[in-house]
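A.B. asks: Just the structure for this:
(one chain, ligands or ions: 1)
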Amino acid sequence: AAWRSLVLTLFPEMFPGPLGQSLAGKALDKGLWALDVLDIRDFARDKHRSVDDTPFGGGAGMVMRPDVVDAALCAAKDGWTGRVQDGEEGSGRKAPVLYLSPRGRLLTQGLVRDLAAGPGVALLCGRYEGVDERVLEAHDVLEVSLGDYVLSGGETAALVLMDAVVRLLPGVMGNEDSPGEESFGEEGFEGLLEYPLYTRPAEWQGRAVPEVLTSGHHEKIRLWRRAQAEEITKRRRPDLWARYMKDRP
Ligand code: SAM
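C.D. replies: So this is what the prediction gives:
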């Protein structure tokens, strides 16, 4: 069965947005992944269709109500079981519910790979000051952050997460070799940032491409690229470099 994402949001019109284009968009059309969107406001019970209220304890802003978010999450889970059961899904893994949040576990390529290997994800997008804590506990939600900054809503974060996962799904990238050697890639360059890239023309505005790259000597090219990747990682991301050195056999 195709990898499936289910987005819960107050702004359903933001999807698929940029993921309807290019690689992800073509893959969506081909059924290599699926995207369903639930409008959280459809689960509001009162006549004003309110989804938020003021925070207990005071303070600025509004908080998304637990009863409304719970109803949306229950509907999302029902949708999941239905689909997973009638597909030939064999992984036996349940799709996790993720809440995009600045307090969450950082989204890394490792987590992206893990999610791509599973059946899919349900993505809860916050707005206002965020979501009532109790509903996150009740649904065993995993909080995932894009980085140490604050976005106005979880939707752009959900789009980023899906973009990163979808490009790893089988058949999505034209060149099956591409994911191997890029930043954070596997095969020999694991944990390193990418080496510099060049294409034609070989000389441009008086700048020549490094000679080794036009030598046709594959082993020398590999060694040069590794040295460059190590140098760039050491200089730009001492945190990644320290981890790389520690993990090396
Ligand atoms: N009051 C929250 C705080 O101080 O941590 C920020 C709320 S933010 C204005 C609204 C929503 O945007 C959040 O509920 C979350 O879904 C999303 N969001 C903001 N920053 C994010 C980040 N770095 N990663 C993932 N989601 C984020």
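A.B. asks: residue in the chain nearest to the ligand?
C.D. replies: Here the chain gets closest to the ligand at one residue, Gly126, 2.1 Å apart by CB to the nearest ligand atom. All C-beta atoms are positioned from the backbone trio N, CA, C, and that covers glycine.
A.B. asks: Could you verify my assumption that that residue touches Glu155?
C.D. replies: No - at 9.3 Å, Gly126 does not count as touching Glu155 under the criterion of CB atoms under 8 Å.
A.B. asks: show me where pLDDT drops low in the chain?
C.D. replies: 81-92, 175-181, 185-188 (pLDDT under 70).
A.B. asks: Can you pull the residues of this protein lying near the ligand?
C.D. replies: 100-103, 125-127, 129-130, 145-147, 149-154, 157 (CB under 6 Å from any ligand atom).
A.B. asks: Show the buried residues in those.
C.D. replies: 100-102, 125-127, 130, 145-146, 151, 153-154, 157 (16 or more other CB atoms under 10 Å).
A.B. asks: got the domain boundaries for the protein?
C.D. replies: 3-166, 180-247 (automatic domain parsing).
A.B. asks: Show me the contact partners of the helix or strand harbouring Leu124.
C.D. replies: Here Leu124, judged by DSSP states H and E, is contained in strand 120-125. Strand 120-125 is contacted by residues 3-11, 34, 69, 73, 76-77, 80, 95-100, 115, 131, 141, 153-155, 157-158, 161-162, 165 when judged by CB atoms under 8 Å, 6 or more residues apart in numbering.
A.B. asks: other SSEs contacting the helix ranked longest in the chain?
C.D. replies: Secondary structure of the chain per DSSP state H: the longest helix is helix 66-86. Judged by 3 or more CB pairs under 8 Å, 6 or more residues apart in numbering; DSSP states H and E, the packing partners of helix 66-86 are strand 3-9, strand 33-39, strand 97-106, strand 120-125, helix 133-138.
A.B. asks: and that helix, how far from the chain's centre?
C.D. replies: How far helix 66-86 lies from its chain's middle: 21 Å, per CA atoms, centre = their mean, to the nearest Å.
A.B. asks: Tell me the buried residues in it?
C.D. replies: So for helix 66-86, counting by 16+ other CB under 10 Å, buried means 66, 68-73, 75-77, 80, 83-84.
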